[in-house]
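[1] no FASTA, just this:
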């Protein structure tokens, strides 16, 4: 591709994509978002927003003096993004990975292809409400449906963390009806939740399973031959056919699910199963074990 074939410089395109993504999924954009993300001054950030509105998407954003920021207009249409939830969620997931500074690094990437499985659909209005309630520590009035209870039920949630579990994101929150912390898939909110004025009475500090750290011991499926087990061990960098994975107790079912490990219904073919958990009795689920396994399978 010639230099003149691409209408927007790459660095500007990234900034325009950030403008569109933050505005659509958080509902409020300020120059600070651009300044902190790209290390540029406020004047340049303001110029980027004005250029985006003038040349790419006139009328997409409206300045809200009360919020002191730009909000998406009622006629908002994505121009440099697809308007999919995973674009915002990927931005959150990459935030940690990009926190380190790489110096004198020459990167030459070969041709590559990323295989993407379908992501669950999340409405922008749902995301905005969830983000606002989580950041402000407020209660969330939500209508939620699950496979175990298909009819949507009104409930009051007190969220503390957004969690990515691969192709799905869920909300870790205190559930007022069940009187415990649970996980809620963002795709299963029946309608946009409402952020309430009431402050949340429960935080992550009170979530025992969230704060409790566990170590899962993973090994090759013992039904494989020794040679096959050695291959699996090399795949995962195991030592003595053992891989220790430390994680939050609340996230254990999802880690197991990503590894293809099921505790109650082992796959009959070890070539499919490949891995097994060797210390299930030390994870401390107790009576919550069945519910945790259902959460990992997306049954809640």
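    That came through fine. What you see is a predicted model, and the numbers here were worked out from it, not measured in a lab.
[2] what sits up against stretch 229-248?
    If you take CB atoms under 8 Å, 6 or more residues apart in numbering as the criterion, stretch 229-248 is touched by 209-222, 224, 255, 274-275, 278. The C-beta positions use only the backbone N, C-alpha and C, and glycine is treated the same way.
[3] Residue 64 is in contact with residue 23, correct?
    No: in this structure, residue 23 is not within contact of residue 64 by CB atoms under 8 Å, at 11.0 Å.
[4] higher neighbour count, these two?
    residue 23 (26 against 13; other CB atoms under 10 Å).
[5] Quick one, grab the pLDDT at that one.
    At residue 23, the model reports a pLDDT of 93.
[6] Next, it: phi, psi?
    phi -60, psi -40 (degrees, to the nearest 10).
[7] Next one: it from residue 76, what distance?
    8 Å (CB to CB, to the nearest Å).
[8] Mind listing the shared neighbours of these two?
    Joint contacts of residue 23 and residue 76 (CB under 8 Å, 6+ apart) are 60, 61.
[9] what stretches of the stretch 1-150 of the chain score poorly on pLDDT?
    For the stretch 1-150 of the chain, the stretches flagged by pLDDT under 70 are 1-7, 93-116.
[10] which residue ranges form the strands in it?
    61-64, 69-72, 138-144 (DSSP state E, counting those that start in this stretch).
[11] Same check on the stretch 201-300 of the chain?
    213-220, 243-248, 275-277.
[12] Mind checking these for the one nearest to residue 37?
    Residue 37 lies closest to strand 243-248 among these, at 27.6 Å (CB to CB).
[13] ok so, going back, quick check: which of the strands of the stretch 201-300 of the chain has the most neighbours on average?
    Of the strands of the stretch 201-300 of the chain, the one with the most neighbours on average (mean count of other CB atoms under 10 Å) is strand 275-277, at a mean of 20.
[14] next one: stretch 124-143 to chain centre, how far?
    15 Å (CA atoms, centre = their mean, to the nearest Å).
[15] Look at the spatially closest residue to residue 258 that is not a sequence neighbour and give its secondary structure.
    Ranked by CB to CB, 6 or more residues apart in numbering and with sequence neighbours excluded, the top spatial neighbour of residue 258 is residue 166, at 5.8 Å. Under DSSP: H, G, I helix; E, B strand; the rest coil, residue 166 falls in the coil class.
[16] can you count the residues close to residue 166?
    The number of residues near residue 166, taken as other CB under 10 Å, comes to 10.
[17] Show the contacting residues for it.
    117, 254, 258.
[18] same thing with residue 123?
    Residue 123 neighbours (CB under 8 Å, 6+ apart): 85, 189, 192.
[19] now residue 219
    With CB under 8 Å, 6+ apart, residue 219 has these contacts: 229, 238, 241, 242, 243, 275, 276, 278.
[20] Please give me every residue in contact with residue 151.
    residue 145.
[21] The one 10 residues further on now?
    Taking CB under 8 Å, 6+ apart as the criterion, residue 161 is in contact with 134, 171, 172, 204, 210.
[22] who's in contact with the third one?
    Residues counted as contacts of residue 172 (CB under 8 Å, 6+ apart) are 159, 160, 161, 162, 163, 181, 182, 183, 204, 207, 210, 250.
[23] ok, those residues vs residue 197, which is closest?
    Nearest member of the contacts of residue 172 to residue 197, counting by CB to CB, is residue 159, at 15.4 Å.
[24] before we move on, which element is the closest one in?
    In this assignment (DSSP states H and E), residue 159 forms part of strand 153-164.
[25] following that strand, which helix or strand shows up next?
    strand 169-175.
[26] buried stuff in the next helix or strand after that following strand?
    Downstream of strand 169-175, the next assigned helix or strand under DSSP H and E is strand 180-185. Applying a neighbour-count criterion of 16 or more other CB atoms under 10 Å, one finds 181, 182, 183, 184, 185 buried in strand 180-185.
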